[in-house]
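fold the following, please.
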Amino acid sequence: MSGEYFEEDENLGKAVDARLLRRLWAFVRPHARWLAFSTLALAVVSLLDLLPVHLLREAVDGPIARRLRGEIGEEEFRGALLSLVGVFGLALTGAFALRALQMLAINVAGQRTMLDLRTALFRHIQSQPLSYYDRNPVGRLVTRVVYDIESLNEVLTSGVDALFHDILKLAAILAWLLLINWQLALVTFVVLPPMYWVAHLFRTSNRASFREVRGRIAALNAYLQEAVTGIRVIQLFVQERRAAKAFRARSEALMEGHLRTVFNYAYFFPAVDFLGTCAKALLLWYGGARILEGALTLGEFMQFFILLDYFFEPIRDVSEKYNLLQSAMASSERIFRVLDTKADLVPPADPEALPSPARGEVEFDRVEFAYNPGEPVLRGVSFRVRPGEKVAIVGATGAGKTTVISLLTRLYDVGGGAVRVDGVDVRR
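Residues are numbered from 1 along each chain as shown. Just a heads-up that it's a prediction; the model follows:
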């Protein structure tokens, strides 16, 4: 069972699938106003986050430098600094308020979207015939409704907005660095090609690790559900040790998947920090010389140094959030795979009414049935129960007694022959 399930989870499509995004948008659209407000607020917050860096440059190259040169007095110096501090305080307060409102908006949109998606998934699962549950362990379906939905919620409320914030911030910093001093920016950007290679390696390896972990979580849940619901059989046949061994094997497989994910983070973040330090070393070497030449002010250098540090933070976050997005795409693909399942037992479009009053005659006419293809349970079963007649169905465990009742109530459809009540086929 777990092997089949794991194989299903691994055979997934693209990391970011436009088709899946369109289908997800159908659930997000009713709450798009909250999402639009969150996006707008986040854009403003991204710009306010960078404002203190500009104020620092203004302070260093403005009142501080002029005070050191004796161009302004103490009172004017303190007044200028107080004005900059006031602007900084207003920016900080505005960013705090907008961030709080943005988090509220994105979480309202995310929770309401997940409510709609979770309800639609549960209703669809409920509509499936019993044969669907024979092919899909309950643990797998629980994973879909709980864990995969929660994965989507995490990305929508914590991943998408952070990804947008990081990309916008990265673009703003890049443009700002080039405006301050394009020669200095190009010198420090020497580290970007190796940075891209490290990020690409991290995304590729982590994509496989995320999907592996998701698949093994689902396999563990499926086995745990079967073991708990079948605990009487396990204890009756004294199979506790065997069940524990099988559970440990699945748990160890999950642990190995998590460790592979940890290894990816173990090399990625130190590599980004190392390349960031190399960029700062180049900045000190080239920027120091430009200051001595008078081509760069101290305020511009400090602004550049801080922005460069800010520049590598979004790179780390974007790579990490991109993998969360990949995980969400894998979860959404599994969810829509369930939603796309067509019921193999559907009610007739024009049902045939039973005679009135009903007589209660039951007839099995050369009935064939199998739960699994190639493994027949009933072969050519024929009998008739007349109105008022009492018939006992007797047989060993697995002989098909419950199957006969299930076919009579049309919990399953026959593979051949017909089941009739008062002469009417139950499929009609």
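
which residues of the protein score low on pLDDT?
By pLDDT under 70, the low-scoring segments of the chain are 1-17, 159, 319-320, 323, 344-347, 349.

how about the strands in it?
362-372, 375-385, 416-421, 424-425 (DSSP state E).

okay, those in JSON lines with mean neighbour count and distance to N107 next?
Quick note: C-beta positions are derived from backbone N, CA and C, even for glycine. Putting the strands of the chain into JSON lines (neighbours: other Cβ atoms under 10 Å; distance: least, Cβ to Cβ, whole Å) gives the following:
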{"stretch": "strand 362-372", "mean neighbour count": "17", "distance to N107": "44"}
{"stretch": "strand 375-385", "mean neighbour count": "14", "distance to N107": "49"}
{"stretch": "strand 416-421", "mean neighbour count": "18", "distance to N107": "52"}
{"stretch": "strand 424-425", "mean neighbour count": "16", "distance to N107": "52"}
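
reformat these as a markdown table; add distance to A343.
A markdown table is the format used below for the strands of the chain (distance: least, Cβ to Cβ, whole Å):
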| stretch | distance to A343 |
| --- | --- |
| strand 362-372 | 17 |
| strand 375-385 | 21 |
| strand 416-421 | 19 |
| strand 424-425 | 19 |
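
quick one: closest of these to L354.
Among these, strand 424-425 comes nearest to L354, with 5.7 Å by Cβ to Cβ.

where do the helices sit along the stretch 1-150 of the chain?
2-10, 18-28, 32-59, 65-68, 74-126, 130-135, 138-142, 149-154 (DSSP state H, counting those that start in this stretch).

nearest to A253, of those?
Short answer: helix 2-10, nearest of these by Cβ to Cβ, at 8.5 Å.

out of the strands of the chain, nearest to P137?
strand 362-372 (14.5 Å).

could you spell out the sheet neighbours of that closest one, each with its direction?
The strands beside strand 362-372 in its sheet (DSSP bridges) come out as strand 375-385 (antiparallel), strand 416-421 (antiparallel).

what separates G70 from G299, distance-wise?
Separation of G70 from G299 (Cβ to Cβ, to the nearest Å): 18 Å.

and the two? Which one has more around it.
G299 (19 against 7; other Cβ atoms under 10 Å).

is it true that that one touches R57?
Yes: using Cβ atoms under 8 Å, G299 makes contact with R57 at a distance of 4.0 Å.

returning to that earlier point: nearest to L130, of the strands paired with strand 362-372?
Among the strands paired with strand 362-372, strand 375-385 sits nearest to L130 (Cβ to Cβ), with 13.5 Å.

residues in contact with that closest one?
Here strand 375-385 makes contact (Cβ atoms under 8 Å, 6 or more residues apart in numbering) with 361-371, 391, 400, 403-404, 407, 415, 417.

check stretch 255-265 too.
Under the contact criterion Cβ under 8 Å, 6+ apart, stretch 255-265 has outside partners 202, 205-206, 209-210, 212-213, 216.

quick check: buried residues in it?
By 16 or more other Cβ atoms under 10 Å, the buried positions in stretch 255-265 come out as 257, 260-261, 264.

against F304, how distant is L178?
11 Å.

so the two - more neighbours on which side?
Neighbour totals were compared for L178 and F304, and F304 leads with 24 against 14 (other Cβ under 10 Å).

and S46, what does it touch?
When contacts are taken as Cβ under 8 Å, 6+ apart, S46 is in contact with 165, 168-169, 172.

that one and A279, how far apart?
For S46, the distance to A279 - Cβ to Cβ - is 22 Å.

pretty sure E368 contacts G417?
Yes: at 5.7 Å, E368 counts as touching G417 under the criterion of Cβ under 8 Å.

give me the neighbour count for the closest residue to Y310 other than its chain neighbours.
Computed as Cβ to Cβ, 6 or more residues apart in numbering, the closest residue to Y310 that is not its neighbour in sequence is I173, at 5.7 Å. Per other Cβ under 10 Å, the neighbour tally for I173 reads 22.

excluding chain neighbours, what is closest to L296?
R290 (3.9 Å).

what about stretch 257-268, distance to the chain center?
18 Å (Cα atoms, centre = their mean, to the nearest Å).

just stretch 215-223 next, same as before
Counting by Cα atoms, centre = their mean, stretch 215-223 is centred 17 Å from the centre of its parent chain.

cool, stretch 216-226 as well?
19 Å.

just to revisit the earlier point, dump the strands paired with strand 362-372 to JSON lines, plus distance to Y147.
Output for the strands paired with strand 362-372, formatted as JSON lines (distance: least, Cβ to Cβ, whole Å):
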{"stretch": "strand 375-385", "distance to Y147": "32"}
{"stretch": "strand 416-421", "distance to Y147": "39"}
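
wait, which of these is closest to Y223?
Ranking the strands paired with strand 362-372 by distance to Y223, with Cβ to Cβ as the measure, places strand 375-385 first at 22.6 Å.

convert the C-alpha atoms of the closest one to PDB, please.
Listed next in PDB are the C-alpha coordinates belonging to strand 375-385 (Å, rounded to 0.1, in the frame of the first residue of the first chain):
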ATOM      1  CA  GLU A 375     -10.000 -11.500  -8.300                       C
ATOM      2  CA  PRO A 376     -13.800 -12.400  -8.600                       C
ATOM      3  CA  VAL A 377     -15.800 -12.700  -5.400                       C
ATOM      4  CA  LEU A 378     -19.100 -13.700  -6.900                       C
ATOM      5  CA  ARG A 379     -19.300 -15.900 -10.100                       C
ATOM      6  CA  GLY A 380     -22.700 -16.500 -11.800                       C
ATOM      7  CA  VAL A 381     -24.700 -16.100  -8.600                       C
ATOM      8  CA  SER A 382     -28.500 -16.500  -9.200                       C
ATOM      9  CA  PHE A 383     -31.300 -16.800  -6.700                       C
ATOM     10  CA  ARG A 384     -34.800 -15.300  -6.100                       C
ATOM     11  CA  VAL A 385     -36.400 -14.300  -2.800                       C
END
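
related to what we said a few turns ago, distance to D309 for the contacts of S46 - can I get that in JSON lines?
Below are the contacts of S46 laid out as JSON lines (distance: Cβ to Cβ, whole Å):
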{"residue": "H165", "distance to D309": "17"}
{"residue": "L168", "distance to D309": "18"}
{"residue": "K169", "distance to D309": "12"}
{"residue": "A172", "distance to D309": "15"}
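
sounds good, over and out.
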